[in-house]
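Student: next come a sequence and a model predicted from it.
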Amino acid sequence: KKTVEVLLRHQADVNARDKFWQTPLHVAAANNALSCAELIIPLQNNINISDRAGRTSLHHAAYNGHTAMVELLLQNKATCNFFDKRDRRAIHWAAYMGHTEVIALLVSHGADVNVRDKDYYTPLHCAAANGRLSALRQLLSLGADVDAPNACGNSPLHVACLNGKEDVADELLAAGAHISAVNCRGQTPLHYAAASTHGAGCLEVLLRHPGAMVNCPSQDGRTPLHMAAIHGRCSRAQMLLKAGAHVDASDAQGCTALHVAAQHGHDLLVGGLLIAEAACDTHGSSGMTPLHMAALGGYTDCCRKLLHAGAKTDARDDQGRTALHFAAYGGNQETLELLISRGADCFACDSYGRLPLHYSAAGG
């Protein structure tokens, strides 16, 4: 404070900006320098002046949870509904960081608990994304819309599942969140919980709920089991199957979870699906079987498990290609040798009369 007083006596410019366009008041607000802010505010041209990111001093104080600073700024006519370059208000940042006292203060000065940013995120989305349970409960008690969709159609429950916040998911469901709400792609929170990196706990929470629709297809026909298969989530696939997921459900291209797991080389998941009696010769996209997809990717372990389960080496896709054609194009020697050892025909021609050797040459 004394240093600031000295500088002000020598005509220091309180409206000066740094390379981030921040004034001394921005810095004081971010660092909770309350006494310094009290000296600067009367000399500030505009208390709502924004930095390069469009954030005011109130944004910085709210983000850092400095309640007394927020109160000081509001008393001096800081606008709580001023938005940054992403249309985020101070309440968005307070919710994201879980600062309940700041949220209460902002709301008492007119902040809207359902205000949306540029991506249509409400403060409830922000609290859900960062696992701020206390802030979430507070916002719900203040009238936040539990099912508000963002620009992608994701509700706070979608966001919680995407970020692996199972406590938040449980709280939202208890508050009446729609468990099968669909986003712009037709995906439910179950799809996100099945796929996301940290979504296992959320999936458990959702599956305990009586309204969980484990076979709900998205716009591209993919069920939560497909999503688990894409990302190789073995334990989550087992959870879904135990909850009644259809192992042979096909997407819009005719691909089952086994196709998807084979395509991405998830051999443990391929094994689990086969144990669950997944059909191993179903024709999916372009008439390809799971063996075709595994062979194209050079996933030998997947091929081995499929063959052990009875997959046909001579099954053909829509262009008459066998798994050996795909393995030859992919150039994986181990996969080629496995298929040949299991009786694959090296002289099989596709619909254009091309041998696997042609494909090997084309693949380099």
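Tutor: Good, I have the coordinates.
Student: so A169 is in which element?
Tutor: A169 belongs to helix 166-174 when assigned by DSSP states H and E.
Student: tell me what the next helix or strand along the chain from that helix is packed against?
Tutor: Later in the chain than helix 166-174, the nearest helix or strand by DSSP H and E is helix 189-195. Contacts defined by 3 or more C-beta pairs under 8 Å, 6 or more residues apart in numbering; DSSP states H and E place helix 189-195 against helix 156-162, helix 200-208, helix 224-230, helix 234-242. C-betas here are computed from N, CA, C, even on glycine.
Student: 6 Å instead?
Tutor: The contact analysis (3 or more C-beta pairs under 6 Å, 6 or more residues apart in numbering; DSSP states H and E) places helix 189-195 against helix 156-162, helix 200-208, helix 224-230.
Student: tell me the average confidence for the last one?
Tutor: Helix 224-230 comes out with an average pLDDT of 98.
Student: the second one too?
Tutor: Helix 200-208 shows a mean pLDDT of 98.
Student: mind listing what's buried along that helix?
Tutor: A200, G201, C202, L203, V205, L206, L207 (16 or more other C-beta atoms under 10 Å).
Student: contact partners of that helix?
Tutor: C161, E166, A169, D170, L190, A193, A212, R236, M239, A243 (C-beta atoms under 6 Å, 6 or more residues apart in numbering).
Student: and the first one, by the same measure?
Tutor: Outside of helix 156-162, the residues that reach it under the criterion C-beta under 6 Å, 6+ apart are 124-125, 128-129, 168-169, 172, 177, 189, 192-193, 196, 199, 202.
Student: swap in stretch 349-356?
Tutor: Here stretch 349-356 has contacts from Q319, G320, R321, L324, H325, A328, using C-beta under 6 Å, 6+ apart.
Student: which of these are buried, as a ChimeraX select command?
Tutor: Here is the ChimeraX selection string for the buried members of those, based on 16+ other C-beta under 10 Å:
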select :321,324,325,328
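Student: ok so, going back, of the helices and strands packed on helix 189-195, which is nearest T79?
Tutor: helix 156-162 (25.8 Å; C-beta to C-beta).
Student: output that closest one as CSV, restricted to C-alpha atoms.
Tutor: Extracted in CSV, the C-alpha atoms of helix 156-162 (Å, rounded to 0.1, in the frame of the first residue of the first chain):
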residue,chain,number,x,y,z
PRO,A,156,-24.6,-30.3,-17.3
LEU,A,157,-24.9,-34.1,-16.9
HIS,A,158,-23.3,-34.7,-20.3
VAL,A,159,-20.5,-32.4,-19.2
ALA,A,160,-20.0,-34.1,-15.8
CYS,A,161,-19.8,-37.5,-17.5
LEU,A,162,-17.4,-36.2,-20.2
